[in-house]
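Enquirer: Next input, structure requested:
(chains A and B)
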Amino acid sequence: MALASLTRIRGYEYRLLLIVAAVLAVGGWLLVVNVPSLAPVHTIQELALLFGLYALASLFLSFRLPTADQVLLPVVALLTAIGLLSIRRLSTTALYASSADRQVVWLAAGIVVLMATITLVPRLENLKRYKYTAAVAGFLLILGTIRFGVDITGGPYRRWFGFHGIYFQPVEILKVLVVIFYAAYLEEKREVLSLAEFRLGRLRLPPLQYLGPLFLTWLLSLLLLTFQNDLGSALLFFGIFLAMLYVASERRSYLWIGIGVFLVGVVLAFRLFPHVRQRADIWLNPWRYAHDQAYQVVQGLIALANGGIVGSGLGQGHPGFVPVANTDFIFTSIGEELGLGGGMAVLGLFLVFAFRGLRIAALARDPFERLMAVGLTSTLAIQALVIVGGNLRLMPLTGVTLPFMSYGGSSLLANFVIIGLLLRISAHE
Amino acid sequence: MSFAVVVLLFRLILVALLYLFLARVVRIMYRDLRAAASSPAIPTASGAVRPGAIAQLVVLSPGKTTFQAGQQFRLRNPTLLGREPGSDIPVDDDFVSAQHLRILSGPTGWAAQDLNATNGTRLNGTRLLGTMPLKSGDILDVGRLKLRFVLDH
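Expert: Presented below is the predicted three-dimensional model:
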């Protein structure tokens, strides 16, 4: 890489990353001052390392993909920075002691994966060829997990693959595979899907034979839901499909059909599965179960209330009281220590991400890239919506990770692949 | 000033930095939107086009259109020319098809692609068939409109 190939200084990105550096510096100082049990040098080193990784990624983009979007990387950097500060802070709780060190390793791996994605996928079109491979691989992944997986929480639901102490959540990879398959399939069938064939009263129905994937997806969601008790992922995959179908067909009737199918599914699940009923009950009456099933939700609410508007201060609250505070409930620990102000800023970052992702879709060169961008963006946006909604008790709690903030390797790696693909789509040479 | 006050101050600064970041991002996005709105064929500020290589179409003779001779259109990838109002460069000429011509940029450079337009496009006087490469100075005849393709380095 000669310096001559540096065709563009990414000025916006660079200046935004400097603010991320300031956040890391101030946050790191507060952690060191407020949490005496943390090793100060180690903490500062790892935060500096995180910044170095993003500086490296930015430099990489200046050389390899100079015209790529300049907002995406800093937004991700800030989200992971706030996430790592919270996870490091939680490492004082014995249960989460090793998670911050592991998270740093995963973040470094994530940046490598981001750069590898951009290098290995020079043209998004290449992915189109693998659409059925992606679909079959995804299906096998699910079946494989149900059959051979383990449950690291000690419960009966197998959602992880274990390998010498490293646990991997296949559903995270599935997100990307599913988006590739849908984008390729919908791009092919786009024309026929936007034609109306049957009329049912005021509703115009699409040619039904092309809706095979819709029902397949529904089936897959139900599979996940039944065997894995993974309501969050089921909801996520359904949301991705609806968003992509709507963009591909530009027809609102699909949304209504989709929502109808979803409601039927909800009613059926409510009737058939006791754990779905129980979850709805916990959502509606958390205080009745405050000491058992709803303990987590209730502790989360107390943490948020305790934070107030400006928060208790980084290292000055008690976020460790909430079970799984470093994954599914990381938003409440941010809400407690950074307050309503910090929580709203995090939501603002996700909003900016969604807006930027859809803009990349709008400017995309061809329909396949557009559908990919819509699918990938909605994946992360819906995921953030579902888990924060669950944390805040705006909807029943379903366990998915908060993208880029929660502790967890498979989730981070998959999300960095998504960012790599979005950056690739956004670059117009 | 006691130490507790300093800590409080830095707590507020931490959250304020998050909003500073958001404000900066919103400003960039606003600029992009403004740039996109002000001219349909002009690429946006922080993404699309490398400043080193600006591709333009210059109107040589407007024919029956409302364009001015000498008017310039910056090209983004791809740019669609056609009678359809939604085209990147809408050409109001009866001899022009709804989707007439696409200008795009690939790894080997810029190219013009015929979209099976009824009356076709002429590239330097000869009929454009399929996709043909463009070099700076090429003349395109789209209906009765005459354009020059210019690549600035």
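
Enquirer: which element is B:S97 on?
Expert: Following DSSP states H and E, there is no helix or strand that holds B:S97.

Enquirer: Three-state assignment for the closest residue to it other than its chain neighbours, please.
Expert: Computed as Cβ to Cβ, 6 or more residues apart in numbering or on different chains, the closest residue to B:S97 that is not its neighbour in sequence is B:A117, at 4.0 Å. Glycine gets a C-beta too; all of them are placed from N, C-alpha and C. The three-state label for B:A117, taken from DSSP: H, G, I helix; E, B strand; the rest coil, comes out as coil.

Enquirer: I'd assumed B:L101 was in contact with B:A117.
Expert: Yes. B:A117 is within contact range of B:L101, at 6.5 Å (criterion: Cβ atoms under 8 Å).

Enquirer: Between those two, which is the more surrounded one?
Expert: It is B:L101, of B:A117 and B:L101, that has more neighbours when counted by other Cβ atoms under 10 Å in any protein chain shown, with 26 against 20.

Enquirer: Tell me the spacing between that one and B:D141.
Expert: Note on B:L101: its distance to B:D141, by Cβ to Cβ, to the nearest Å, is 10 Å.

Enquirer: Now list whatever residues contact both of the two.
Expert: B:T121 (Cβ atoms under 8 Å, 6 or more residues apart in numbering or on different chains).

Enquirer: host element of the residue of chain B found nearest chain A?
Expert: Using Cβ to the nearest Cβ, the point where chain B gets nearest to chain A is B:L18, with a distance of 3.8 Å. When secondary structure is defined by DSSP H and E, B:L18 falls within helix B:3-38.

Enquirer: downstream neighbour of that helix in the secondary structure list?
Expert: The element immediately downstream of helix B:3-38 (helix or strand, assigned by DSSP H and E) is strand B:54-61.

Enquirer: Mind checking if that following strand is in reach of chain A?
Expert: No. Contact of strand B:54-61 with chain A (Cβ under 8 Å from any Cβ of the partner chain) is absent, the minimum separation being 11.3 Å.

Enquirer: Can you give the strand pairings for the helix or strand following that strand, parallel or anti for each?
Expert: Next in sequence after strand B:54-61, counting helices and strands by DSSP H and E, comes strand B:72-74. Strand partners for strand B:72-74, identified by DSSP bridges, are recorded as strand B:54-61 (antiparallel).

Enquirer: Could you list the residues in contact with the strand it pairs with?
Expert: For strand B:54-61, the surrounding residues in contact (Cβ under 8 Å, 6+ apart) are B:67-75, B:79, B:89, B:103, B:105, B:110, B:139-140, B:145-152.

Enquirer: what about the residue in the stretch 301-429 of chain A positioned nearest to chain B, helix or strand, and which?
Expert: Going by Cβ to the nearest Cβ, chain B is nearest to A:A345 of the stretch 301-429 of chain A, at 3.8 Å. With elements delineated by DSSP H and E, A:A345 resides in helix A:339-362, which encompasses its position.

Enquirer: From the contact counts, what lies against that helix?
Expert: In terms of contacts (3 or more Cβ pairs under 8 Å, 6 or more residues apart in numbering or on different chains; DSSP states H and E), helix A:339-362 is packed against helix A:72-90, helix A:295-307, helix A:330-337, helix A:367-391, helix A:409-426, helix B:3-38.

Enquirer: how about the residues of the stretch 201-350 of chain A that lie near chain B?
Expert: Residues of the stretch 201-350 of chain A found near chain B, taking Cβ under 8 Å from any Cβ as the criterion, are A:V310, A:G311, A:G313, A:L314, A:L338, A:G339, A:G341, A:G342, A:A345, A:V346, A:G348, A:L349.
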